[in-house]
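Visitor: need a structure here:
(2 chains)
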Amino acid sequence: MVKTRFAPSPTGRMHVGNLRTALYSYLIAKHAGGKFMLRIEDTDQERQVEGAVDIINRTLAYAGMEYDEGPDKDGGVGPYVQSERCKAGIYMEYAKKLIDKGDAYYCFCTKERLESLKTEEGYAVYDKHCLQLSKEEIEENLRKGLPYVVRLNVPKEGTTSFMDEIYGEITVDNSELDDMILIKSDGFPTYNFANVIDDHLMGITHVVRGNEYLSSSPKYNRIYNAFGWEIPVYVHCPLITDETHAKLSKRSGHSSFEDLLDQGFLPEAIVNYTALLGWNPPDNEEIMSMQELIEKFDYTRINKSPAVFDIGKLRWMNGEYIKRMDPEAFYEKALPYIEKAVPSAQCDLHILAELCQSRIETFEDIADLIGFFCEVPEYSTDLYTHKKMKTTPELSLEVLEKTVPFLETLKDYSNDGLFEALKAFAAENGWKNGQIMWPIRTALSGKETTPGGATQLMEILGKEESVRRIRAAVDKLRKEQTAL
RNA sequence: GGCCGAUUGGUCAAGCGGUCAAGACGCCGCCCUCUCACGGCGGAAACAACGGUUCGAUUCCGUUAUCGGCUACCA
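Guide: Numbers count the residues shown, from 1 in each chain, chains lettered A, B, ... in the order given. You can find the predicted model right below:
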C-alpha cells in the first residue's frame, strides 16, 4: 500500500513550491489508491508562526487535497505533530538505540570549539572529537548536566549512494559527509533525524520533497541502514522559481496560494497550473480536474529542471476555468466583484455577469471591464477617431447631433430593435454602420473597447441614461471643436 | 572553496541515436464582427559552447560556461 506524506514546517503562508510538493505527494498516493498523510514538522521552535497550521489545513482543503491521516484524523500512528512526538520521547529513544550500536554518539563540544574548526571560508566538518570520549567521561558529563547533541557516526572512508526516482543514483564520498546532528541541545530532533524516524514509523513508502534535500539524502540512508530499515522510494521535485529565476520568495506577492486566491484566481486553476510545473501527461492535455490528475499522474514523468512560475499562463488557465463555469455559479462568484465595480447600477446584474464571463481571466478584471456602466470615465475625444470605422471626432459630432432626436423618439430599446433602427437611420443619412455605432459606443462608455456593442450597451443602460450620455458627448465634442 | 544537480523558443514542455525538433502560454497577422472578448486559421521564435563515441547526435561520454542546491544545534 502506497503511503505518502506532506510534511511542512508551520512558518507562514504556503507558496506554490510547497503546494506543488503537497500536490505531487497527494497524486502519487491517490494514483496508486494509497493514503496521503499530513505531518507537522515544528522542531524548530524559533521559526514557528502563529496560525500557520491553520493555513496549511485551509490550503489543503481549498486545493482539494484531503488527507487520510493527520493532526485532525488519527490513523493509529500519531501524534502527527513532531513537537508532540518529541515530548513522548520517541526521537530520543531511537537516538539511544543508535548510540548503543555505535552508530551515533554524544557530543559535548561548545559553540566556540566548533567555530574554531572552520576554515577561512567558514566551512567545517566535525572532527569526531567527542567520539573519543570514554564511557565514564560521557556518564560524568551527562551527570553534570552539560549540554549535548547526538551526532551520527559516519565513516571517513568509502562512499554512500542513494537512489532517487527522478535524478537517478547519487553517490557521495563519505569524507564529504559531516557527522550530522540528530538531537539538538534543546532536546528536539533535527529535521533530518525526525524525518527519517517518522517516515519509517508512519509507514511512508514514497518520500516526496523539494530538491533542496537532494544532496543531504545520502546521509539519510546511513540512518536507515543503521536501523536496518527498508529505504523508501525517493521522489525529489525540481525547484520552482520566479520570472527572474530566483527562488520563489514568500514576499513576492503572487507566490502564495492564499495571495493568489485574493487576486481572484480559482483554486482549481491554481492546482491545475502548478501540477504542470515540472510534469505533464503523455496525452498533452493541459486542463485537468483533480480527478483527471489523479488518473494521469505518473511520477516517473516528473522533470529534473527547475521551472519558472509564469503568472501569465496561470491567468490564461484561470480564464479557461471561468469560461467553463456554469453561468449561475459564475454569477454567484462574480457578484461581489460586480457590486463593487458598479455600486449604483440599475440594470440586472445577471446581464453584466454574462458579459464578463468570456472576457476576464481573474475576478479582479471585472472592475476595469464594467466600471463604465456606473459612470463614464474621463476620456480623450481621440477615441472618436477610428480608421477602420472611417470616423473622426468631427463626423462623430455631426452623427451624434442628428441621432439624438431620433433616439429620443424611438420606443423599442431592445438590442435587436435598436440595431435595426440605427442601421436604417444610418443608411438614410448615407453613413456606414460603423460611422454611427462607433461614436455611440464611445459616447456611452468613454472606452476604446467594451463588452458588447453599442446597441447592447444602450439596452442595458436604458433610454434615459443612453440619451443623457450621448448628449454629454455632443457637448464635449462641440466644446472642443469650437475651441480650435 | 568543496560536493551534488540542472541546461530544448521569452515561459511551460514533448523528445529518450536517424523527426522539416510536437503542443501550450505570450507575441504578430488574417477571418468572424456595431468596438472588444469568445471562436477559427496562419506566422515568427529553441536543442548553452567545445571536444569525443558513432555511418549518424538534441539524445551517450567528457570539458567549459551559466544557474541552482547542500556544506547549520533551518527545514
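Visitor: List the residues that contact the residue of the stretch 351-484 of chain A found nearest RNA strand B.
Guide: Relative to RNA strand B, the nearest point of the stretch 351-484 of chain A is A:Gly453 (2.9 Å; CB to the nearest atom of the strand). Placement of C-beta: from N, CA and C, glycine included. Residues near A:Gly453 by CB atoms under 8 Å, 6 or more residues apart in numbering: A:Met437, A:Arg441.
Visitor: any idea where the strands of the stretch 351-484 of chain A begin and end?
Guide: With DSSP state E, counting those that start in this stretch, there are no strands along the stretch 351-484 of chain A.
Visitor: swap that for chain A, please
Guide: Using DSSP state E, the strands found in chain A span residues A:3-6, A:35-38, A:104-107, A:149-152, A:159-164, A:168-173, A:181-183, A:206-210, A:233-237, A:240-241, A:307-308.
Visitor: follow-up on the earlier one: okay, the residue of the stretch 351-484 of chain A closest to RNA strand B and A:Arg441: tell me how far apart.
Guide: Distance from A:Gly453 to A:Arg441, counting by CB to CB, to the nearest Å: 7 Å.
Visitor: who wins for proximity to RNA strand B among the strands of chain A?
Guide: Closest approach to RNA strand B among those (CB to the nearest atom of the strand): strand A:307-308, 3.3 Å.
Visitor: Now do that closest one: distance to the chain's middle.
Guide: Strand A:307-308 has its C-alpha centroid displaced from the chain centroid by 13 Å (CA atoms, centre = their mean, to the nearest Å).
Visitor: Same question for stretch A:360-367.
Guide: 18 Å.
Visitor: residues from the stretch 351-484 of chain A in reach of RNA strand B?
Guide: Counting by CB under 7 Å from any atom of the strand, the stretch 351-484 of chain A comes close to RNA strand B at A:358-359, A:389, A:415, A:419, A:433-434, A:437-438, A:441, A:448-456.
Visitor: show me what contacts A:Ser305?
Guide: A:Pro238.
Visitor: thinking again about what came up before, tell me the backbone dihedrals of the residue of the stretch 351-484 of chain A closest to RNA strand B, please.
Guide: Main-chain torsions, A:Gly453, degrees, to the nearest 10: phi -90, psi -180.
Visitor: could you point out where chain A is predicted with low confidence?
Guide: A:249-254 (pLDDT under 70).
Visitor: May I see the buried residues of stretch A:146-165?
Guide: The neighbour-count check on stretch A:146-165 (16 or more other CB atoms under 10 Å) flags A:Tyr148, A:Val149, A:Val150, A:Arg151, A:Leu152, A:Asn153, A:Val154, A:Thr160, A:Phe162, A:Asp164, A:Glu165 as buried.
Visitor: Need these in TSV (columns: distance to RNA strand B).
Guide: Below are those laid out as TSV (distance: CB to the nearest atom of the strand, whole Å):
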residue	distance to RNA strand B
A:Tyr148	8
A:Val149	5
A:Val150	10
A:Arg151	9
A:Leu152	12
A:Asn153	15
A:Val154	13
A:Thr160	10
A:Phe162	10
A:Asp164	9
A:Glu165	12
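Visitor: Taking the residues you listed together, which two end up most distant?
Guide: Of all pairs drawn from the buried residues of stretch A:146-165, the greatest distance, 37.1 Å, lies between A:Tyr148 and A:Glu165 (CB to CB).
Visitor: How about stretch A:358-366, which residues are buried there?
Guide: For stretch A:358-366, the neighbour count (16+ other CB under 10 Å) marks A:Arg359, A:Ile360, A:Glu361, A:Thr362, A:Phe363, A:Asp365, A:Ile366 as buried.
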